[in-house]
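1. The following comprises the amino acid sequence and a computationally predicted model.
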Amino acid sequence: MVLSLVTRAFGTANDRYLKRLQRDVEAINALEPELEALDDAGLRSRTESFRERLAGGETVDKILVEAFATVREAAKRSLGQRHFDAQLLGGMILHNGMISEMKTGEGKTLVATLPVYLNALEGKGVHVVTVNDYLAQRDSAWMGRVYEFLGLTTGCIVNTMSDTERREAYNADVTYGTNNEFGFDYLRDNMKFHLDEMVQRDFNFAIVDEVDSILIDEARTPLIISGPVEDSSAAYVEANQIIPQLTDEDFEVDEKARAATLTDAGVEHTERLLEKAGLIEEGVSLYDITSVTVLHHINQALRAHKLFQRDRDYIAHEGRIVIIDEFTGRMMEGRRFSDGLHQALEAKEEVEVQNENQTLASITFRNYFRLYPKLAGMTGTAMTESAEFAEIYKLEVVDIPTNRPMIRDDQNDEVYRTLEEKYNAINELIGDANKRGQPVLVGTVSIEKSEEVSAALKSQNIAHEVLNARHHEREAQIIGQAGVPGAVTIATNMAGRGTDIQLGGNLEMRLEAELADMEENPARDEKEAEIRAEVERLHDDVLTSGGLMVIGTERHESRRIDNQLRGRSGRQGDPGTSRFFLSLQDDLMRIFGSERMDGMLRKLGIEEGEAIVHPWINKALEKAQQKVEARNFEIRKQLLQYDDVMNDQRKVIYEQRKDLMRTDDVSDTVKAMRAEALDELITRAIPEKAFSEQWDTDLLREEAMRIFGLDIPAEEWAAEEGIADEEIHDRMEKMVDERMAAKLANYGEEIMRMAEKNLLLQILDQHWKDHLLRLDHLRQGIGLRAFGQKNPLNEYKREAFDLFQDMLAKLREGVTMLLSHIEIQVNSPEAVQKPQAPREMETEHARIGQFGDAAQPTTQSNATIAQASNQDAKRLDPDAPSSWGKVPRNAPCPCGSGKKYKHCHGKIS
């Protein structure tokens, strides 16, 4: 009560902030007559003037009013569109590094031109991030006319581009693209070997369209560049044949936690089935160390069968399993579930099971977008997640008032006892609206549900369009005509973003479609006038019928998704209605205790087909949704804490790579690594304060050969009177320096420096890849530490740091070993080969949160190092032991038997 009185008296923080910006809006409006008087050249020349002022020390904030006024005038001349005052406010909020919540139809695409132009004047590049290639190409071409008019360049990143085309697009003043493309280019750049091969510039400013979708809905979904590992497809097929033989008593399903687990009885039954199939030996437990991989395949097959539904979570498309985004309903081409779940689904649907992949590079959108010094976003639905934006991204959300008052009628939910009753009520309402010519948009949560509604409408002979992942290629066309009189459009959540539903139909689309083949002449002008008049008449007819009716067939877990569906109606002050129809058999109702409500409805004597409608129901559902949202936020926050550990390590490695690429001479780095590798060997072989009799001379001799290529008389040195570890160190250091000096003299400065740099980068990438695999393994089992009264996060941080230190030690040893043994063919152009080009590797957008064994690296992944370090061995005659020289006892025997030397020709008789 007190809070509402204070708010009424002083306004909300949102209102007060907008009020402060109003002065700049008035100043922009005051400049309009002056700019209207300029010719095109005069308006364009302001860009150069702004750049000169910025170079002279003025800030972008100082020229904001003039720059925004210039963009508004340029948009009027190039697009025929003028920024409203509300759009000017939205532009200022974006420039200030905040999130602008603007309702559907308020022109977010046009709003972005204001801060984009202002910040692009600095010449550091501005990125505009959209959710799909269609929007990126549309917006860059459409808004590019404004930038081009003012003398700025525009680029657009799409999936099919070469590195050269990408580099050109990133070097433009303004670059449009999808979140996936920006993220993958960052990962690929950090796998390149030369700075001039990289495509991205340093990060500056990004504006993320549909920011809630990218930074919240996809927060748990990392971008992954991966390479293949050993084929395990047969194991998934075998595990898939076990699951249908299980009974309901053999497993438990927790829909809230999205988990499926075997019961004790199920474990015993599964073990018997596996024994019968010959997949485990008789008497071996499924939880035995030898059965870990089999257990992983069984668990993923169980999840595939019991938790994941075809046409809801994925579809079988052209012989492949394609994920369906739960928030947008779109097909997620190129993305795969991780940890073998995707292979389990392929086995379930009897399509080709593809190989698992090993992660080569990975980043989440959260950590990618936090690389930008300045970040802003816009969406129609951000307020419900404002706390998360503030806590995770330090982004404030500001609600921009609509240009015209919102008059849409958001009606109370109708709750029915059964699905059949609910669908009957929906069909009846659609039929009534159809008779009076009112367009209807029906929102469903899955392909399956959209096709159920479609079948019911077909039975009533009601013409309609279905928009889901099966028909995604017609999305723009279907949405473009969803606002004509009598149109009925059934859509999954994919109808929620990007394209407006315009009452009377989309004029631009009709003009483009119907005038495309006509030449410029009076007949074309006449046809255009006819189309415009018809669309205007249809628009008026729809207004008379009540505007667009939005029907939701279920509540989503997130209020935001429901609000997006409502937001398709009532754009720009148009009339419209929205209503959700629910049943106690809906997923959300069933998971969150519909039994209690069902009992209550029975006691109240609710008859079949009768609905319960009350504001209390809406509030109860909102509270249930808030609980789900809060739980999901906690999950995302916890995942971020774990991800931050790897992110800190990633930043160190990537910065180190850039430092290496910036110089042609890495000899100092290599020498320092060699010195540390020698120190570590001396420490291992000669314990501190130990007598020479206690030295491990075998280890010292063998490791000196393996790592440094040195044949040292370790036993003789240890027998010398008064010998100390410092002297051993100095002798070996001198021998190593002489060996490397000889290589330098043999190959020359240029070739040796090139070899050092390329091999250092190769080995760094190899060890980083292996480190990612170890972190995956650590992450999967770390939750069990809680049973030992330990904090899993603290344990993960500590062990991840230890693994990182271990990786650096192995890196030093690997670089030293390779450069000590490698022989370079000086006359060969492939003397120092680069690894597989990053653009040829597979990119994934994997769902995390599934647990199981991570993929094991193949022996092939170590081929580069193994081949180089064994160059000397390759030239030996296997049949002439006298040509072998001194062979380390633990090295493979040169005879080719595959045994260690000490167990073969080096065996002591």
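-> Done, it's in.
2. Okay, A620 and M589: tell me how far apart.
-> 10 Å (C-beta to C-beta, to the nearest Å). Every residue, glycine included, has its C-beta placed from N, CA and C.
3. Find me the pLDDT at S545, would you?
-> The predicted structure scores S545 at 91 on the pLDDT scale.
4. shouldn't it be in contact with G437?
-> Yes. S545 lies in contact with G437 (C-beta atoms under 8 Å); the separation is 4.8 Å.
5. hmm, back to that, A620 and M589: who's more crowded?
-> Ranked by neighbour count (other C-beta atoms under 10 Å), A620 and M589 place M589 first, with 20 against 15.
6. on that earlier part again, any common contacting residues for S545 and G437?
-> P485 (C-beta atoms under 8 Å, 6 or more residues apart in numbering).
7. So which of the two has more stuff around it?
-> Per other C-beta under 10 Å, whichever of S545 and G437 has more neighbours is S545, with 19 against 16.
8. residues touching that one, list them.
-> Applying C-beta under 8 Å, 6+ apart, we find S545 in contact with 433, 436-439, 485.
9. All the strands of the stretch 501-650 of the chain, residue numbers only.
-> Here the stretch 501-650 of the chain has its strands, by DSSP state E, counting those that start in this stretch, at 548-552, 576-583.
10. Out of the ones you listed, which is closest to I298?
-> Minimum separation from I298 across these (C-beta to C-beta) falls at strand 576-583, 34.8 Å.
11. The closest one to strand 548-552, inter-axis angle?
-> 20 degrees (axes from the mean of the first three to the mean of the last three C-alpha atoms, to 10 degrees).
12. Please name the strands paired to strand 576-583 in the sheet, noting orientation.
-> Listed by DSSP bridges, the sheet partners of strand 576-583 and their directions read strand 409-410 (parallel), strand 414-416 (parallel), strand 548-552 (parallel).
13. packing partners for the helix or strand harbouring V670?
-> Using DSSP states H and E, V670 maps to helix 667-685. Contact analysis of helix 667-685 by 3 or more C-beta pairs under 8 Å, 6 or more residues apart in numbering; DSSP states H and E lists helix 697-708, helix 725-747, helix 749-781, helix 792-821 as its packing neighbours.
14. what's it in contact with?
-> Helix 667-685 is touched from outside by 660, 695-697, 699-700, 703-704, 707-708, 725, 728-729, 732-733, 736, 740, 753, 756, 760, 809, 811-813, 815-816, 819, with contacts defined as C-beta under 8 Å, 6+ apart.
15. For the lengthiest helix in the chain, what is the distance to the chain centroid?
-> Secondary structure of the chain per DSSP state H: the longest helix is helix 615-662. Remark: helix 615-662 is offset 12 Å from the chain centroid, using C-alpha atoms, centre = their mean, to the nearest Å.
16. Comparing the strands paired with strand 576-583, which yields the minimum mean pLDDT?
-> What stands lowest among the strands paired with strand 576-583, in mean pLDDT terms, is strand 414-416, with a mean of 88.
17. Now do the very next helix or strand once past it: distance to the chain's middle.
-> In the C-terminal direction, the helix or strand that comes right after strand 414-416 (DSSP H and E) is helix 419-435. The gap between where helix 419-435 is centred and where its chain is centred comes out at 39 Å by C-alpha atoms, centre = their mean.
18. contact partners of helix 419-435?
-> Outside of helix 419-435, the residues that reach it under the criterion C-beta under 8 Å, 6+ apart are 414, 416, 439-440, 442, 452-453, 456-457, 460, 462, 486, 488, 545-546, 549, 551, 553, 579, 581-583, 585-586, 608-609, 611.
19. Assign a three-state SS to E352, would you?
-> Of the three states, E352 takes coil according to DSSP: H, G, I helix; E, B strand; the rest coil.
20. With V253 instead?
-> V253, by the three-state scheme (three-state DSSP), is strand.
21. mind checking how far P894 is from E452?
-> Separation of P894 from E452 (C-beta to C-beta) stands at 70 Å.
22. If you count surrounding residues, which of these two has more?
-> Using other C-beta under 10 Å, the more surrounded residue of P894 and E452 is P894, with 25 against 15.
23. Wait, a helix at the more buried one?
-> No. Assessed with three-state DSSP, P894 is coil; it does not lie in a helix.
24. Backbone dihedrals for it, please?
-> Its backbone dihedrals place P894 at phi -60, psi -10, with angles given as degrees, to the nearest 10.
25. Could you tell me which residues make contact with H317?
-> By C-beta under 8 Å, 6+ apart, the neighbours of H317 are M331.
26. cool, and L441?
-> L441 is in contact with 482, 489, 491, 495, 501, 548-551, 565, 568-569, counting by C-beta under 8 Å, 6+ apart.
27. Secondary structure element holding it?
-> Under the criterion DSSP H and E, the helix or strand holding L441 is strand 440-443.
28. Buried residues of stretch 736-754, list them for me.
-> 736, 740, 743, 747, 751-754 (16 or more other C-beta atoms under 10 Å).
29. Could you do stretch 638-658 as well?
-> Neighbour-count burial for stretch 638-658 [16+ other C-beta under 10 Å]: 639-640, 642-643, 645-647, 649-650, 653-654, 656-657.
30. Just put those residues in TSV and tack on distance to A277.
-> Conversion of those to TSV gives the following (distance: C-beta to C-beta, whole Å):
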residue	distance to A277
L639	36
L640	42
Y642	37
D643	39
V645	40
M646	38
N647	43
Q649	42
R650	42
I653	44
Y654	46
Q656	49
R657	47
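31. Now render these as a markdown table, adding pLDDT.
-> Rendered in a markdown table, the data for the buried residues of stretch 638-658 read as follows (pLDDT from 0 to 100):
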| residue | pLDDT |
| --- | --- |
| L639 | 85 |
| L640 | 87 |
| Y642 | 89 |
| D643 | 90 |
| V645 | 93 |
| M646 | 91 |
| N647 | 91 |
| Q649 | 95 |
| R650 | 94 |
| I653 | 95 |
| Y654 | 94 |
| Q656 | 92 |
| R657 | 93 |
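32. sorry, back to before: can I get the strands of the stretch 501-650 of the chain in a markdown table including mean neighbour count and distance to L89?
-> As requested, the strands of the stretch 501-650 of the chain are arranged in a markdown table below (neighbours: other C-beta atoms under 10 Å; distance: least, C-beta to C-beta, whole Å):
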| stretch | mean neighbour count | distance to L89 |
| --- | --- | --- |
| strand 548-552 | 24 | 26 |
| strand 576-583 | 22 | 24 |
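33. Could you dump the ones you listed into CSV and include distance to A172?
-> Listed next are those as CSV, based on distance: least, C-beta to C-beta, whole Å:
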stretch, distance to A172
strand 548-552, 38
strand 576-583, 39
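34. of these, which approaches M92 most closely?
-> With C-beta to C-beta, the closest approach to M92 among the strands of the stretch 501-650 of the chain belongs to strand 576-583: 29.1 Å.
35. Quick one: mean pLDDT for the closest one?
-> 92.
36. Compute the inter-axis angle for it and helix 419-435.
-> For strand 576-583 against helix 419-435, the angle between stretch directions is 160 degrees (the same axes, to 10 degrees).
37. now what about strand 576-583, what contacts it?
-> Strand 576-583 is touched from outside by 407-419, 421-422, 425-426, 429, 546-555, 562, 565-566, 569-570, 589, 621, with contacts defined as C-beta under 8 Å, 6+ apart.
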